[in-house]
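Enquirer: Predicted model follows, preceded by the sequence.
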Amino acid sequence: MTIDRRKFLQLAALGGGAVFASSLPGCAAMGGPAASAGADDFYFVQLSDSHWGFEGPKVNPDARGTLPKAIAAVNALAEPPDFVVFTGDLTHTTDNPVERRKRLSEFRDIASRLTVKAVRFMPGEHDASLDHGKAFSEFFGPTHYTFDHKGVHFIALDNVSDPAARIGEDQLAWLAADLAAQPRDARIVVLTHRPLFDLAPQWDWATRDGAQALELLAAHPNVVVFYGHIHQENHHMTGHIAHHSAKSLMFPLPAPLSQPRREPLPWDASQPYRGLGWREVEAQDRGGKFSLDEHPVGRA
Amino acid sequence: MDPQRRIVLTAALLSLGLAAGAIAQAQPRVIKVSARRFVFTPSRIEVRRGEAVVFELTTEDIFMGFNLPDFNVRADIVPGKAVRVPLTPDKAGTFTFLCDVFCGEGHETMNGTLVVT
């Protein structure tokens, strides 16, 4: 028996499940006026910053178990997402190219347990900055690309293969050409790793030429950005463009500039996996809104 | 020596000294900063508000970046070449500078502190 997805979410929320709705700029609250189901409603799952290969028991004593737990939870969703996207830092950085490939290979094996129809991968600076994306591409293909799904145009932007955190002139020209081919009112979702705006340059939470990408995107009224890198939720507007960062699947980081140093938050044994998680993004056909449902990583 | 001549000479020397002092004041202080994976040396720099300084940046190993976002100061640091970046801080406080070119396993801890008093 198929349960209507929205009904399931409501039931899960009523039953104390892990699902909750966010009411955010660029997003609609679950069950709100824009929530009436449309023919092309769909949802995808964003997983981010799994840092496979990281070791640090004081930060995450279950470093090899957290990602598999998240994948099991995605597989257990009552209604599968249309696709899953990993927004970078699949692996933790290493200076050793052999070890980098070993980590990417292990990560790919674990990610292959996902039972969804399609999985998209993007690099983070930990995967790609030391070899300009070479190893990542060997395993997962291009570092930037587009795809269309049920009326939404997705653009995966690479702001990490350049170790100086630039998108670069070539990719910006590619972006401009891609956007020029879209109707002005196209529904556009940008997937990227670093924030495209200057969230906290003091902590390297920025993209050197991100403003140029945003200038190109600003010509389109329906743009939403989903990214990773900062290991926590952050919701920010630049003009009419909403930016939503995702939690990590390895360790949380402090709020931007909330302390002198950007250091992983220590593991709290009384609240295991606190600050870790993943999200569902529901694209609603009617009203063109997106709903975010944040999931913590469970113990099971 | 004729007392009047002595006065003239003293005045001349004084004015020379003042001029030299003025020249010295006009020259910004050069602060050498060396980068290597994954540290800046020095990692703590103290300057006075309004003091003109020049950071002379070098790298001992690979391509690095120097970024002081609070003052919109940044530069690439290329091996074998010193790059000079001027700064006259207009605000006091403690500010972070960092390497903004991903340089390896310890990159994320490669930063330092500028203290402006």
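Expert: Cool, the structure landed. Numbers count the residues shown, from 1 in each chain, chains lettered A, B, ... in the order given.

Enquirer: Tell me which other helices or strands the helix or strand in which residue A:295 is found touches.
Expert: For residue A:295, the enclosing helix or strand under DSSP states H and E is strand A:290-296. Other elements packing on strand A:290-296 under the criterion 3 or more C-beta pairs under 8 Å, 6 or more residues apart in numbering or on different chains; DSSP states H and E are strand A:21-22, strand A:277-283. Bear in mind the C-beta positions are built from the backbone N, C-alpha and C, glycine included.

Enquirer: Buried deepest among those strands, which one?
Expert: strand A:277-283 (a mean of 22; mean count of other C-beta atoms under 10 Å in any protein chain shown).

Enquirer: Output the contacting helices and strands for it.
Expert: By contact count (3+ C-beta pairs under 8 Å, 6+ apart), the secondary structure elements abutting strand A:277-283 are strand A:42-47, helix A:66-75, strand A:290-296.

Enquirer: Next, the contact list for whatever residue of the stretch 201-300 of chain A ends up closest to chain B, please.
Expert: Of the residues in the stretch 201-300 of chain A, the one nearest chain B is residue A:201, at a distance of 3.8 Å by C-beta to the nearest C-beta. Contact analysis of residue A:201 by C-beta atoms under 8 Å, 6 or more residues apart in numbering or on different chains lists B:67, B:69, B:100.

Enquirer: try 10 Å this time
Expert: With contact set as C-beta atoms under 10 Å, 6 or more residues apart in numbering or on different chains, residue A:201 has these partners: A:165, A:195, A:207-208, A:257, B:67-70, B:72, B:74, B:96, B:98, B:100.

Enquirer: on that earlier part again, go through the helices and strands packed on strand A:277-283 and pick out the most buried.
Expert: Per residue and on average, the most neighbours among the helices and strands packed on strand A:277-283 fall to strand A:42-47, with a mean of 23 (mean count of other C-beta under 10 Å).

Enquirer: CSV for the helices and strands packed on strand A:290-296, including mean pLDDT?
Expert: Supplementary listing: those in CSV, determined by pLDDT from 0 to 100:
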stretch, mean pLDDT
strand A:21-22, 40
strand A:277-283, 97
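
Enquirer: Next, format the helices and strands packed on strand A:277-283 as CSV and append mean pLDDT.
Expert: Formatted as CSV, the entries for those read as follows, by pLDDT from 0 to 100:
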stretch, mean pLDDT
strand A:42-47, 98
helix A:66-75, 98
strand A:290-296, 96
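
Enquirer: Would you mind giving the ones you listed as CSV with distance to residue A:181 added?
Expert: Below are these laid out as CSV (distance: least, C-beta to C-beta, whole Å):
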stretch, distance to residue A:181
strand A:42-47, 22
helix A:66-75, 32
strand A:290-296, 23
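
Enquirer: Run through the bridge partners of residue 83.
Expert: Picked chain A for this. In this structure, residue A:83 has the following beta-bridge partners (DSSP bridges): residue A:44.

Enquirer: Wait, chain B was what I had in mind.
Expert: Beta-bridge pairing of residue B:83 under DSSP bridges involves residue B:57.
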